[in-house]
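Asks: Kindly return the folded structure for what I paste below:
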Amino acid sequence: MEIRPIKNEKDYQQTLNRLELIFDAKKGTDKGDELEILSILIDKYESDNFPIGMPDPIEAIKFRMEQMGMKQKDLAEVVGFKSRVSEILNKKRKLTLEMIRKISYSLHIPTEVLVQEYAVK
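Replies: You can find the predicted model right below:
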């Protein structure tokens with residue numbers, strides 16, 4: 001087992017190929033240890049080279065509502081009037097700090113996502 005840092009795309013592809021070969025390795029074995037180390041190296045390389053930005057706040061709310069089986073009337077119970085929810089989901093009204101706090105708590109969406117700037121129509 002020769003493990004080296006991933007410095008470029010070629011190294012990355014080789015490491016992915018090796019990971020695929022030993023993917024079913026048992027924990028606590030030499031191959032299991034190699035699998036764990038390669039996973040860490042791949043994660044680091046991907047984080048550095050393919051960063052994923054945070055989602056749009058309103059899209060995050062819609063997605064979470066869908067996951068939780070919520071309707072607009074359910075969100076109205078969190079933030080207030082149903083018409084206000086419609087305006088928010090259609091990006092005609094910005095979220096207030098109070099709404100962000102309530103939505104974050106009720107829908108378990110990180111405040112970092114909800115406080116991001118977004119355009120209103």
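Asks: does Ile22 really touch Leu35, like I thought?
Replies: Yes - if you go by CB atoms under 8 Å, Ile22 and Leu35 touch, sitting 5.2 Å apart. Backbone N, C-alpha and C define where each C-beta goes, glycine included.
Asks: could you pull out the helices for the chain?
Replies: Using DSSP state H, the helices of the chain run over residues 9-21, 30-49, 57-68, 72-79, 82-89, 97-107, 111-114.
Asks: returning to that earlier point: of Ile22 and Leu35, which one has the most company?
Replies: Between Ile22 and Leu35, counting by other CB atoms under 10 Å, Leu35 is the more crowded of the two (20 against 15).
Asks: The nearest residue to that one once chain neighbours are set aside: neighbour count?
Replies: Closest residue to Leu35 apart from its sequence neighbours, by CB to CB, 6 or more residues apart in numbering: Ala25 at 4.8 Å. Ala25 is flanked by 16 other residues according to other CB under 10 Å.
Asks: Could you do Tyr105 as well?
Replies: Residues lying near Tyr105 (other CB under 10 Å) number 11.
Asks: Show me how the chain divides into domains.
Replies: Following automatic domain parsing, one finds the domains of the chain at 9-49, 57-114.
Asks: got the end-to-end distance for the last one?
Replies: With CA to CA, to the nearest Å applied, domain 57-114 spans 5 Å between its terminal residues.
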